[in-house]
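Q: sequence below, structure please.
(chains A and B)
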Protein chains: 2
Amino acid sequence: MNTEEPSSAAEENANDAVFNSDTEQLVNTQEASTSYSRVNKSVHFEPVAAGSGIPQVKCYLNGVKVPRVVRIKTLFVKTIGVITAVVGGLAGGKEGPMIHSGAVVAAGISQGKSTTFNRDFKIFDYFREDHEKRDFVSGGAAAGVSAAFGAPIGGVLFSLEEGTSFWNQALTWRTFFGTVVSTFTLNFALSTYHGHPGDLSYPGLLNLGKMDPFPFQFYELPVFMLFGAIGGLLGALWNHINYKLAVFRIRYITAPWLRVVEACLVAAASATIGFLMMFILNDCRPLGEDPTKVPLQLYCADGEYNVLAAIWFQTPEASVRSLLHDPIGSYKPWSLFVFVICYFLLSTWTFGLAVSSGLFIPNLLTGAAWGRLLAIVLQYILPSNTINPAKYALIGAAAQLGGVVRMTISLTVIIIETTGQISNALPIIVTLVVAKWTGDFFNEGIYDIHIQLAAVPLLPWEPPPLAHNIYASEVMSHPVTSLRIVENVGHIVEVLKLVTYNGFPVVDPPLSDDAEVTTYKRLRGLILRSQLIVLLQNKIYNENANTTWSNYKIDMCLFRDEYPRYPSIEQLEISDWEKTCTIDLRPFMNPSPYTLPHRASLPRLFRLFRALGLRHLPIVNDVNEVVGMVTRKDIARYRVWRHRGHMGMEELQLSNEI
Amino acid sequence: MNTEEPSSAAEENANDAVFNSDTEQLVNTQEASTSYSRVNKSVHFEPVAAGSGIPQVKCYLNGVKVPRVVRIKTLFVKTIGVITAVVGGLAGGKEGPMIHSGAVVAAGISQGKSTTFNRDFKIFDYFREDHEKRDFVSGGAAAGVSAAFGAPIGGVLFSLEEGTSFWNQALTWRTFFGTVVSTFTLNFALSTYHGHPGDLSYPGLLNLGKMDPFPFQFYELPVFMLFGAIGGLLGALWNHINYKLAVFRIRYITAPWLRVVEACLVAAASATIGFLMMFILNDCRPLGEDPTKVPLQLYCADGEYNVLAAIWFQTPEASVRSLLHDPIGSYKPWSLFVFVICYFLLSTWTFGLAVSSGLFIPNLLTGAAWGRLLAIVLQYILPSNTINPAKYALIGAAAQLGGVVRMTISLTVIIIETTGQISNALPIIVTLVVAKWTGDFFNEGIYDIHIQLAAVPLLPWEPPPLAHNIYASEVMSHPVTSLRIVENVGHIVEVLKLVTYNGFPVVDPPLSDDAEVTTYKRLRGLILRSQLIVLLQNKIYNENANTTWSNYKIDMCLFRDEYPRYPSIEQLEISDWEKTCTIDLRPFMNPSPYTLPHRASLPRLFRLFRALGLRHLPIVNDVNEVVGMVTRKDIARYRVWRHRGHMGMEELQLSNEI
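A: Take a look at the predicted model:
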């Protein structure tokens, strides 16, 4: 039942995966609600369903399990939330939630069971492991992007750029296949809905309308760069305001009712501002060449319609489409200017609110508006050239969104796929790269900001640069609670109750029998909390060995059935007699855990954790005795502090609950 | 000078990188020519310049240094070779060599010196490390793709899908920036060359012509799948023939003159077949609506031109364009059929020949031809529908190339970017996925076949599946030659001369002074051959310590100046007196190498090597004594043998020279 003695040849592969399962495993977090849900809470049923869900998915893919992030209840609450939010006219989008929903669906399917409904279909048992499930979540998020934007390639790139910590060729092309099927299914369904079954021309939910290719000249490149720089600046400002708001929310808006009040406030403000703009600016156009389908007269004269009403009363997505496609002269510069400022502030206020909503569409809308505004200004400066407002609106939209999320290659591909026009690739790429550079000078991308706020131990891509004189002996926690290879059940129960760690080193017994097992014993292996729980639950004691154990089918199922929610130690009933029994841990422990000597530097530790997705690592001395344990949180605590060119090291205060 | 005592604060980062340099380092291969160059040899000056270069670049990026693959001499020979090959009318393309060239240029620039020209510009010293250089090579290859196909996104994806073993967000977006600059530069240069400076409309060297978007119906998807399956079958056949030819070449065509003869033979055959086809088939068309620029009459009547001459006398690239864009009815089915068979065989004969040529264009051409042929057949079967031959020619081209190289996402993006038409994405994706599935059922992609033939220790993506009962103690080589922490110079010289390993464990001295240092001593660190050479070369002995060493500036430069070609031990002159000196290795060794216990399973070893890019790993026993060493070659030897659904494990015979 261990890797040296596989129970059956067919299970070898599976065995190794579980018993070596300190690798690529998700950091199991206690159910205790976290500061993350404190940030995004108010829907009383499932707080984790608030917000766009992308930061949570990103954490999950990085190996940190935010509680309840891929549960079906989350999906339901999220779906209802996002429908009400978008229909209600909040400055939020539906794309982030769709990506999160894709991840939930994928996680659910892969498990073949639902704990919420207490149903186990007894299928896909093989996938009941953290890293298998994570692959599915990654694919699901990609499929979500693919459906949201009609961007199968963009979806794969999104899950790579934002989520996946490990590049894997096989996973990539399977994900790719999944995104293609996703787009295709949506396309087929939408085509049928629109009455043209078989005519596959509705690739995505977000359809920015087919852009014409815009030829561009060499001298326009600096203009695109300027747009990128503006986008980066505005994006950094957007992130900064949102960050301050989020901090304010964490500090003061703690009670659920306060969050409901805030959400209502935002909704009221959105509606008020919209109406005030329509009323005060009174941007009226003659009805003749109007590009909107349902023109509204409002406060305009007869035979005219209100341009701002056309923007406000559409879904934000349709407004982006209008801004991209309406002919020259459809908007007054003054209206656009006021609209940009209002919508910019409203959208940054809305994101992080206790409702399910994303930031893609609001930022595209803001960017398209200022892009179009700048096009009008350019036209005014250079009256001899014909400025194509659609081109600059698109570039502005890309720049604004790029400045906020700081994605480059995936966002480029998503925009190209959404607009169906590859010829515009170079301008968009240049814009996005400049936007990222400019924004990165001031702060991080919005998702990373929210992840930091949540105090999630997310490991960055590279080890922190100033950490070469920090050693494992400083990072590790010690003394270590370790278990003997043949351990007393009572002691195991005590340890599980007292210590919250998820992995315990298994060591040689001390030479004298009465000595307490603490540290400085020779390392023999590593055993997980979940494995111990299962062993206790099934009463696999040495004392039972003669009667039942040898016949007992201790196979993978034992450890997989309960996944991912094992009972807590308090839920197990262990009699006093049982506490005198012993368990031989050797057949179950991982006999060759990765270790590092106490003199290893932090970057070395970091690389091992990052590359192998470890969650805990025993630190040994020169003679292979356990002197400490390092967890992912210990590593993630060291973060580089960087601000306008200055750099430093800081130890973050991480949430104790994750 | 070691990580615990950094010589200066500013150098901490750099120090750690070198002294922990068992990670992410290229497997240094001896200059002794390898079986790889035996496969692709004949250009007398630089054998490694033969072939497309993509397999070599792939090996390099995986961490295996094929000798001389990124030297400037290789670039020159390759450039001349590919020009003559393409102009000479061989069935080879220029794209593979361009990708290789991009990699060479990037490697050269990053080093700021050229050993061939014996010039050192003393810039970019920081990049003189294996993993820094590899990042540049990855970017260079991507830029090569970008320039060849006008596909900046495809370039990034190519370097990810085919090359990079490690996903790194920062590297990806830098690569992306590089590919954009590459496309832009080429675009600007070509636009100027064509007399429209500033009008950026020549994005790539390979221009398949702007495709119209082809609307497709639901019922056409099975047709695309069929095309994919045919492409997969033909691709697998192409690979199989090419494999048999390569084996034949390794066995019998060993002398350089024989290879020149073979190359001449192929050239003669290409010309003969072309002329025979034009003469025998005599596919003549009236001159009126001819789509070719320079119609040739040849054996046709006056007022007519020879269709096959139009195909044969163009560059293959222009022929692909013709097949994609010529109107319906431009080709007789019989001509296309003969052309497909001839070109299929010629191209598989040409690839792997001792000339610099790629396989992209020849396979696109073959595929476009049979795609067009099938379109004619379909038109014949379904006379009521109007079949668009361009659509099926493009799908055929994608299917054939996909069947040979087995790329999915990167090839999709490259084709989309080359044809400038995103709307065709879904058909191409479906086709390529089916082509990969079908082809993978029979054999591997052509690049992997060539890498296996070269016996390069390339690690696959996943550990071999049937290896869970293979343990480190079986894989490792032992006894290990180790060095003491304070070691005698004479002994070091002896060891370096006798043992070809590149890393040596540093161990505690034995208790009794006269005992030989072999195995079972406690591990203290790891030192690299190159470090030992530099120490000997600079005579950093303990005996010199009082006089010079303490003042001697032992910094990174010492170890970087010589990179990447350190002198061999035979080139160093060590006097007899010096051999009695000792070196204290502690300040230079890596004090905390990654290790694994002897009972670790092969998959566990594999993951460590793969994820961290290790080249050698000390295996220790329970008390941290070195019992063996595992090298990358030991791991790569275990390969899964898979053939039509059957699976097994085999130990490969790997080249001893790599």
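
Q: state the helix or strand in which residue A:635 lies.
A: Using DSSP states H and E, residue A:635 sits in helix A:632-636.

Q: quick check: residues of the stretch 351-500 of chain A near chain B?
A: For the stretch 351-500 of chain A, the residues in contact with chain B (Cβ under 8 Å from any Cβ of the partner chain) are A:408-409, A:412-413, A:416-417, A:420-423, A:425-426, A:429-430, A:433, A:436, A:461-462, A:465-466, A:468-469, A:471-472. Yep, even glycine has a C-beta here, placed from its N, CA and C like the rest.

Q: just the buried residues out of these, in ChimeraX syntax.
A: ChimeraX command restricting those to the buried ones, with burial defined by 16 or more other Cβ atoms under 10 Å in any protein chain shown:
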select /A:408,409,412,413,416,417,420,421,422,423,425,426,429,430,433,436,466,468,471,472
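
Q: so which of the residues of the stretch 351-500 of chain A next to chain B belong to helices?
A: Among these, DSSP state H puts A:409, A:412, A:413, A:416, A:417, A:425, A:426, A:429, A:430, A:433, A:436, A:472 in helices.

Q: so how far is the helix holding residue A:635 from its chain's centroid?
A: Using Cα atoms, centre = their mean, to the nearest Å, the distance from the centre of helix A:632-636 to the centre of the chain it belongs to is 19 Å.

Q: could you confirm whether that helix reaches chain B?
A: No: if you take Cβ under 8 Å from any Cβ as the test, helix A:632-636 misses chain B, and the best it gets is 15.3 Å.

Q: find the closest residue to chain B in the stretch 201-350 of chain A.
A: residue A:218 (3.8 Å; Cβ to the nearest Cβ).

Q: surely that residue meets residue B:188?
A: Yes: applying Cβ atoms under 8 Å, one finds residue A:218 in contact with residue B:188, separated by 6.9 Å.

Q: the nearest residue to residue A:586 once chain neighbours are set aside: how many residues sit nearby?
A: Nearest non-adjacent residue to residue A:586, counting by Cβ to Cβ, 6 or more residues apart in numbering or on different chains: residue A:485, 5.4 Å away. Burial of residue A:485 is recorded as 16 neighbouring residues (other Cβ atoms under 10 Å in any protein chain shown).

Q: got a list of what residue A:485 touches?
A: By Cβ atoms under 8 Å, 6 or more residues apart in numbering or on different chains, the contact set of residue A:485 is A:506, A:507, A:508, A:509, A:524, A:525, A:584, A:585, A:586, A:589.

Q: tell me which residues in whatever helix or strand residue A:274 lives in are buried?
A: Assigning secondary structure by DSSP H and E places residue A:274 in helix A:256-281. Using 16+ other Cβ under 10 Å as the test for burial, helix A:256-281 gives A:259, A:262, A:263, A:266, A:267, A:269, A:270, A:273, A:274, A:277, A:278, A:281.

Q: quick one: residue A:284 from residue A:277, how far?
A: 13 Å (Cβ to Cβ, to the nearest Å).

Q: the lengthiest helix in chain A packs against which elements?
A: Taking DSSP H as the assignment, the helix of chain A that covers the most residues is helix A:221-252. Secondary-structure packing of helix A:221-252 (3 or more Cβ pairs under 8 Å, 6 or more residues apart in numbering or on different chains; DSSP states H and E): helix A:35-39, helix A:256-281, helix A:333-350, helix A:360-381, helix A:389-405, helix A:425-442, helix A:446-453.

Q: now render those helices as TSV, adding distance to residue B:355.
A: Shown next, in TSV, are the helices and strands packed on helix A:221-252 (distance: least, Cβ to Cβ, whole Å):
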stretch	distance to residue B:355
helix A:35-39	60
helix A:256-281	67
helix A:333-350	59
helix A:360-381	50
helix A:389-405	44
helix A:425-442	34
helix A:446-453	50
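
Q: which of those sits most buried?
A: helix A:389-405 (a mean of 29; mean count of other Cβ atoms under 10 Å in any protein chain shown).

Q: that one versus helix A:425-442: what angle between them?
A: Taking axes from the mean of the first three to the mean of the last three Cα atoms, to 10 degrees, one finds helix A:389-405 and helix A:425-442 inclined to each other by 30 degrees.

Q: chain center to helix A:389-405: distance?
A: Using Cα atoms, centre = their mean, the offset of helix A:389-405 from its chain centre is 23 Å.

Q: ok and that helix relative to helix A:221-252, angle-wise?
A: Going by the same axes, to 10 degrees, helix A:389-405 makes 40 degrees with helix A:221-252.

Q: now do helix A:389-405 against helix A:360-381, angle only.
A: Angle between the axes of helix A:389-405 and helix A:360-381 is 130 degrees (criterion: the same axes, to 10 degrees).

Q: picking that back up, most widely separated two among the ones in helices among the residues of the stretch 351-500 of chain A next to chain B?
A: Using Cβ to Cβ, the two most remote members of these are A:426 and A:472, lying 47.3 Å apart.

Q: is it true that residue A:157 touches residue A:410?
A: Yes: the criterion here is Cβ under 8 Å, and residue A:157 meets it with residue A:410 at 3.7 Å.

Q: tell me which of those two has more neighbours.
A: Higher neighbour count among residue A:157 and residue A:410: residue A:157, with 31 against 26, using other Cβ under 10 Å.

Q: how much space separates the more buried one from residue B:617?
A: 34 Å.

Q: same thing with residue A:265?
A: Taking Cβ to Cβ, one finds residue A:265 at 60 Å from residue B:617.

Q: tell me the pLDDT at the residue of the stretch 201-350 of chain A closest to chain B?
A: pLDDT for residue A:218: 70.

Q: gap between it and residue A:224?
A: 11 Å.

Q: look at the two and report which has more neighbours.
A: residue A:224 (23 against 15).

Q: mark out where each domain of chain A begins and ends.
A: A:35-87+A:95-193, A:218-453, A:472-651 (automatic domain parsing).

Q: end to end, how far does the second one reach?
A: Terminal residues of domain A:218-453 lie 43 Å apart, using Cα to Cα, to the nearest Å.

Q: for that domain, the distance to its chain's centre please.
A: Counting by Cα atoms, centre = their mean, domain A:218-453 comes out at 23 Å from the chain centroid.

Q: for residue A:395, which residues are in contact?
A: By Cβ under 8 Å, 6+ apart, the neighbours of residue A:395 are A:224, A:227, A:371, A:427, A:428, A:431.

Q: count residues in the vicinity of the closest residue to residue A:390 other than its chain neighbours, would you?
A: Nearest residue to residue A:390, sequence neighbours excluded (Cβ to Cβ, 6+ apart): residue A:324, at 5.4 Å. Residues within reach of residue A:324, counting by other Cβ under 10 Å, total 23.

Q: looking at this, residue A:324 is in a strand?
A: No: judged by DSSP: H, G, I helix; E, B strand; the rest coil, residue A:324 forms no part of a strand; its state is helix.
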